[in-house]
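A.B. asks: Provided below for reference: sequence and predicted model.
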Amino acid sequence: MADAGAPAALEAAGLRKTYGDFVAVEDVGLSLAPGASLALVGESGSGKTTTARMIAGLEAPTAGTVRFDGRVLPGRRARTAVRGSFAGDVQMVFQDPYASLDRHQRVADSISEVLAHHTDLRGSALARRTAELLDQVGLTAGQARSLPRALSGGQRQRVAIARAVAVRPRVLVLDEAVAALDVSVQAQIVTLLRELREQSDTAYLFITHDLGIVQHICEDIAVMHRGRIIERGRTLSVLERPGAAYTRKLIDSVPRRGWTPKRGATA
Ligand code: ADP
Ligand code: MG
């Protein structure tokens, strides 16, 4: 089953999802090497979240397969990605971190809980690793003792990222994870994600409708339109020389910040 050489961290092939007669995702294939970073972009309704949920095992594909390190993800539903038995393979961070946090649990405890569930760490080693994760995502000791409601949106998203990273997943899926945040907080989280990515061989699937930030996180990009991937390549070269008319339209529709397409390059 495995190809020659090391298997991909994630290999999704022929993914299809229908809701009745409606085809939400059609023939989507994605391959992520360990440590790779892929942006999945496209307008609202193009099928990004449905694709992500199939990859995370939260939604059964109508057709197609998802493999981690060459092993097939069983087509069962997990209540949450964190608790699913494939948690070490894939973790998902959502747009609204508050919904995924227990509002009665202090921040540090919510991270320790994930660590205790998925690792052998106990006692002082558990506390040390918890503190290390809190530090990595830039949360203070005071914030660690707080309940989620005392935190800002950006701080809550840091907690969600720490919980996802705690499991050392092969693949981390971030679905519009910075979409609800202020621009300056977005920039902080983007920087954090890039640092975390550089420190591990976790592969990142970064889903967004906002093309302005992808080049800061992702080396590669895939463009979805009406359930299909219509273009893919290196992020900078796709942004500078989009091949598909739809990609060009998408690029033209976003406010520019940080990058400018070279006008003469497309023709
Ligand atoms: P995106 O994340 O790119 O905005 P989604 O994957 O959420 O897109 O949705 C793709 C399409 O599938 C949309 O038209 C959406 O309305 C539809 N869809 C998603 N989930 C369901 C569902 N549970 N039942 C019916 N239609 C759905
Ligand atoms: Mg979505």
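C.D. replies: All right, it came through fine. Ligands and ions are numbered 1, 2, ... in the order given.

A.B. asks: mind checking the SS state of the one residue in the chain that gets nearest to ligand 2?
C.D. replies: Here the residue of the chain nearest ligand 2 is residue 49; by CB to the ion that distance is 3.2 Å. For every residue, glycine as well, the C-beta is placed using N, CA and C. Here residue 49 is helix, with the state taken from DSSP: H, G, I helix; E, B strand; the rest coil.

A.B. asks: residues in contact with it?
C.D. replies: Residue 49 sits next to 175-176, 207 when contact means CB atoms under 8 Å, 6 or more residues apart in numbering.

A.B. asks: how about those in a markdown table, adding neighbour count, secondary structure and pLDDT?
C.D. replies: Output for these, formatted as a markdown table (neighbours: other CB atoms under 10 Å; DSSP: H, G, I helix; E, B strand; the rest coil; pLDDT from 0 to 100):
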| residue | neighbour count | secondary structure | pLDDT |
| --- | --- | --- | --- |
| 175 | 20 | strand | 96 |
| 176 | 19 | coil | 94 |
| 207 | 25 | strand | 97 |
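
A.B. asks: These into TSV, with extra columns for distance to residue 91?
C.D. replies: Output for those, formatted as TSV (distance: CB to CB, whole Å):
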residue	distance to residue 91
175	11
176	15
207	14
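
A.B. asks: Show me which helix runs longest in this protein.
C.D. replies: helix 183-199 (DSSP state H).

A.B. asks: That one: which residues count as buried?
C.D. replies: By neighbour count on 16 or more other CB atoms under 10 Å, the buried set for helix 183-199 is 185-190, 192-193, 196-197.

A.B. asks: Give me the pLDDT for the nearest residue to residue 226 once chain neighbours are set aside.
C.D. replies: Distances taken as CB to CB, 6 or more residues apart in numbering place residue 46 nearest to residue 226, at 6.4 Å, with adjacent residues excluded. If you check residue 46, the pLDDT there is 97.
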